[in-house]
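A.B. asks: Have a look; sequence and predicted model below, questions after that.
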Amino acid sequence: MPTPLLPPQGAPPRDIAKAVNAALLGKINSVGEVTLAPGASSTVVENVLVSASSKLFLFPQTANAAAEMGLGVVYIQPGNVINGVSFSINHASSSDTDRTFFYAILG
């Protein structure tokens, strides 16, 4: 379960400590998993933490995902990012249903 965001007006010390400790242990909210949509040439990933200045990283988790990445046809155009809403992954249209990636959003 992701650590909730702390309110801008401040939070109790225990909540702050939990959030900081989780981050120090690598438990950050800006990661996820996505399976590319079969039969489509793009897939939308909803995540409120994404912004136009974010760096987006994809990590293939299946052989078909790795093959797709190896072909050089998986990419994210900067214009496909909607601040605080989502980003779109462009990819080849395929009937494969197991092109699964982990993703990370930094910044």
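C.D. replies: Yep, that arrived. Predicted model, so just to flag it, every value in this text is computed and none were measured. Residues are numbered from 1 along each chain as shown.
A.B. asks: switch to C-alpha atoms for all contacts and neighbour counts from now on
C.D. replies: OK.
A.B. asks: Flag the shaky bits of the protein, pLDDT-wise.
C.D. replies: Applying pLDDT under 70 to the chain flags the ranges 1-4.
A.B. asks: which residues of it fall in strands?
C.D. replies: For the chain, the strands defined by DSSP state E occupy 31-35, 42-46, 55-60, 81-82, 86-90, 100-106.
A.B. asks: Reformat the ones you listed as JSON lines; add distance to residue 18.
C.D. replies: Below are the strands of the chain laid out as JSON lines (distance: least, Cα to Cα, whole Å):
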{"stretch": "strand 31-35", "distance to residue 18": "18"}
{"stretch": "strand 42-46", "distance to residue 18": "26"}
{"stretch": "strand 55-60", "distance to residue 18": "26"}
{"stretch": "strand 81-82", "distance to residue 18": "30"}
{"stretch": "strand 86-90", "distance to residue 18": "27"}
{"stretch": "strand 100-106", "distance to residue 18": "20"}
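A.B. asks: can you redo those strands as CSV with mean neighbour count?
C.D. replies: Converted to CSV, the strands of the chain look like this (neighbours: other Cα atoms under 10 Å):
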stretch, mean neighbour count
strand 31-35, 17
strand 42-46, 17
strand 55-60, 17
strand 81-82, 18
strand 86-90, 19
strand 100-106, 17
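A.B. asks: To residue 75, which of those lies closest?
C.D. replies: With Cα to Cα as the criterion, residue 75 lies closest to strand 86-90 of these, at 5.4 Å.
A.B. asks: Give me the contacts around the closest one.
C.D. replies: 41-48, 50, 73-77, 80-81 (Cα atoms under 8 Å, 6 or more residues apart in numbering).
A.B. asks: Check these and tell me the two furthest apart.
C.D. replies: Top of the distance list for the contacts of strand 86-90 (Cα to Cα): 48 and 73, 25.4 Å.
A.B. asks: Kindly list the longest helix within the chain.
C.D. replies: Longest helix in the chain, counting residues (DSSP state H): helix 13-24.
A.B. asks: Check which helices and strands that one is in contact with.
C.D. replies: Contacting helix 13-24 under the criterion 3 or more Cα pairs under 8 Å, 6 or more residues apart in numbering; DSSP states H and E is no other helix or strand.
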